[in-house]
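A.B. asks: build me a model from this:
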Amino acid sequence: MSDSQASTRQLLGMKGADVKTTALWKIHLQLMKPITWIPLMWGVVCGAASSGGYRWTWEHFLVALACMLLSGPLMAGYTQTLNDYYDREIDAINEPYRPIPSGAIPLRNVILQIWVLLLLGFGVAILLDLWAGHKTFTITVITAIGAFLAYIYSAPPLKLKQNGWLGNYALGASYIALPWCAGQALFGELSWQIVAITMFYSLAGLGIAVVNDFKSVEGDRQMGLQSLPVMFGVQRAAQIAAFMIDVFQIGIALYLVAIGERLLASLLVLLVIPQITLQDMYFLRDPIANDVKYQASAQPFLVLGMLVAAIAIGRHPIV
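C.D. replies: Numbers count the residues shown, from 1 in each chain. Predicted structure coming up:
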């Protein structure tokens, strides 16, 4: 890996980026793990598409960008910084080059970053609710739920990430259901049916969350965290993750058939097929060595499938 590639991986918050830096903005950005922002920002796009109320105007475009800022850099950045703060002992084993265990940033600065991102997130959420005319401040409530899930996922005494099932589902819901519901509420009406559909879709996100656990198996085992790779072994956990990713996307395709969107349901299934192929090529053969390669190659098909489903749902408004 070249120095420039390693530096880029470091800024994005990817594993294996053992690069020394003294630039404060790089250290703060690394804590926020920009690579994790993309699914949440895409979730907002899916919510806007499923709402049926998004219009291609500059106003709607800028409002959507503000919601993507909320879901990605602010709330995902808050979540990742919070997680790094509470995972500093595990990271000292798995990723000692991370900003906190390497000593690149004092803990007081990390705590300050957590609060700044959280307060900015709530500020943007309130402004979006005012724009949408929400009397119940729906987006602010969604933001509060996300902040609460992030806290109980990372922090004791609950620390949901200690339980592979609960922790990964909380993560999957945060990456799929919450930003989707925010986009839906911003441009349309958020119903319990939409919440149920996105929570079901989040079970596929649970599988994606499991993929992230393979990079920290040794540290999780030493610290007593019951991630799926620790509980079931690396190979069996990889099979469970692949099963969750594939089956629940197929479940959404069946729902699309039920509402009369057979063409888009078929397209969603066609997008699942390359994911299965890449699972066999990379992930199932060596989950630890190929987790990043698998996610980089397979996730585009998953997120495109989310948009296909959102467009189909948007053609059949649920209120």
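A.B. asks: identify the residues contacting the closest residue to Arg262 other than its chain neighbours.
C.D. replies: The shortest distance from Arg262 to any non-neighbouring residue, by CB to CB, 6 or more residues apart in numbering, is to Leu256 (7.6 Å). Quick note: C-beta positions are derived from backbone N, CA and C, even for glycine. Under the criterion of CB atoms under 8 Å, 6 or more residues apart in numbering, the neighbours of Leu256 are 262, 264-265, 268, 309, 312-313.
A.B. asks: and the residue lying farthest from the centre of the chain, which of the three is it?
C.D. replies: Here the chain reaches farthest from its C-alpha mean at Gly260, the gap being 29.4 Å by CA atoms, centre = their mean. Assigned with DSSP: H, G, I helix; E, B strand; the rest coil, Gly260 falls in the coil class.
A.B. asks: which other helices and strands does the longest helix seen in the chain contact?
C.D. replies: Counting by DSSP state H, the longest helix found in the chain is helix 287-314. Packing partners of helix 287-314 (3 or more CB pairs under 8 Å, 6 or more residues apart in numbering; DSSP states H and E): helix 37-51, helix 192-213, helix 234-258, helix 262-278.
A.B. asks: one step back: tell me the buried residues within the contacts of Leu256.
C.D. replies: By neighbour count, with 16 or more other CB atoms under 10 Å, the contacts of Leu256 hold 264-265, 268, 309, 312-313 as buried.
A.B. asks: hang on, the earlier thing: want to throw the helices and strands packed on helix 287-314 into JSON lines with distance to Pro300?
C.D. replies: Output for the helices and strands packed on helix 287-314, formatted as JSON lines (distance: least, CB to CB, whole Å):
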{"stretch": "helix 37-51", "distance to Pro300": "10"}
{"stretch": "helix 192-213", "distance to Pro300": "13"}
{"stretch": "helix 234-258", "distance to Pro300": "13"}
{"stretch": "helix 262-278", "distance to Pro300": "9"}
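A.B. asks: ranking those helices by burial, who's on top?
C.D. replies: helix 37-51 (a mean of 25; mean count of other CB atoms under 10 Å).
A.B. asks: name the helices or strands packed onto the following helix or strand past it?
C.D. replies: Using DSSP states H and E, the helix or strand that follows helix 37-51 in sequence is helix 58-69. For helix 58-69, the elements it packs on are helix 37-51, helix 107-132, helix 177-187, judged by 3+ CB pairs under 8 Å, 6+ apart.
A.B. asks: and the helix or strand following helix 58-69, what does it pack onto?
C.D. replies: Next in sequence after helix 58-69, counting helices and strands by DSSP H and E, comes helix 77-86. The helices and strands touching helix 77-86, judged by 3+ CB pairs under 8 Å, 6+ apart, are helix 24-32, helix 107-132, helix 138-154.
A.B. asks: how about those helices, which one is nearest Gln193?
C.D. replies: helix 138-154 (15.4 Å; CB to CB).
A.B. asks: any idea of the angle the closest one forms with helix 58-69?
C.D. replies: Taking axes from the mean of the first three to the mean of the last three CA atoms, to 10 degrees, one finds helix 138-154 and helix 58-69 inclined to each other by 20 degrees.
A.B. asks: okay, the angle between helix 138-154 and helix 107-132?
C.D. replies: 150 degrees.
A.B. asks: other SSEs contacting helix 138-154?
C.D. replies: Using 3+ CB pairs under 8 Å, 6+ apart: helix 138-154 touches helix 77-86, helix 107-132, helix 164-175, helix 177-187.
A.B. asks: now mean pLDDT too, for these, in JSON lines please.
C.D. replies: JSON lines is the format used below for the helices and strands packed on helix 138-154 (pLDDT from 0 to 100):
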{"stretch": "helix 77-86", "mean pLDDT": "96"}
{"stretch": "helix 107-132", "mean pLDDT": "98"}
{"stretch": "helix 164-175", "mean pLDDT": "92"}
{"stretch": "helix 177-187", "mean pLDDT": "98"}
